[in-house]
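Chemist: got a sequence here, can you model it:
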Amino acid sequence: MEVYTALRLLPWLSAEGKPCLLAPGDGDGIVSRLADETEARQLAEGLDVLRCARRLLHDPVSPNAEVRYTAIRLAECLADVLRVAESRGRRLPVRDGDTDAPETTAQSTQQ
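Modeler: Below you'll find the model as predicted:
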């Protein structure tokens with residue numbers, strides 16, 4: 001079984017708004033640990049926003065401004081979670097003969 005080691009997609013963008021990638025290593029470096037902590041924080045924030053959104057949307061008299069703000073935050077959190085999922089999916093091992101190598105979709109998560 002051969003392992004495919006892809007570049008790690010980091011959970012942040014460059015100053016130019018482009019994806020940041022990290023060369024594979026043992027996963028114990030400073031940048032890897034920072035990325036792990038950032039991903040955990042992004043996932044936790046997404047859960048918090050989702051809980052707030054559910055409460056807000058359950059109330060039929062919620063102000064439009066609050067609903068709009070919540071939708072904006074949900075979109076931001078969804079983009080973060082998709083980036084985390086893509087990053088983790090890229091790092092899954094691929095067996096010999098497996099033609100479905102991890103794809104790069106970073107461009108689609110930026111929109």
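Chemist: so for the biggest helix by length in the chain, mean pLDDT?
Modeler: For the chain, the helix that runs over the most residues, judged by DSSP state H, is helix 30-58. Average pLDDT, helix 30-58: 95.
Chemist: just for the protein, where's the confidence low?
Modeler: Low-confidence segments of the chain (pLDDT under 70): 1-5, 96-111.
Chemist: next, the angle from the longest strand along the chain to helix 30-58.
Modeler: Identified as the longest strand of the chain according to DSSP state E is strand 8-13. Angle of strand 8-13 versus helix 30-58, following axes from the mean of the first three to the mean of the last three CA atoms, to 10 degrees, is 60 degrees.
Chemist: which residues are contacting strand 8-13?
Modeler: 19-24, 31-32, 35, 38-39, 42, 80, 83-84, 86-87, 90-91, 106, 110 (CB atoms under 8 Å, 6 or more residues apart in numbering). Backbone N, C-alpha and C define where each C-beta goes, glycine included.
Chemist: which element follows it toward the C-terminus?
Modeler: Going down the chain from strand 8-13, the next helix or strand is strand 19-22, by DSSP states H and E.
Chemist: each with direction, which strands does that next one pair with?
Modeler: Each strand that pairs with strand 19-22, with its direction, by DSSP bridges: strand 8-13 (antiparallel).
Chemist: flag every buried residue along the partner strand.
Modeler: Buried positions in strand 8-13, judged by neighbour count with 16 or more other CB atoms under 10 Å: Arg8, Leu9, Leu10, Pro11.
Chemist: with adjacent residues omitted, what lies nearest to the second one?
Modeler: Beyond its immediate neighbours in the sequence, the residue positioned closest to Leu9 (CB to CB, 6 or more residues apart in numbering) is Ser87, lying 4.0 Å away.
Chemist: ditto for the third one
Modeler: Here the nearest residue to Leu10 in space, its sequence neighbours aside, is Cys20; by CB to CB, 6+ apart that works out to 4.1 Å.
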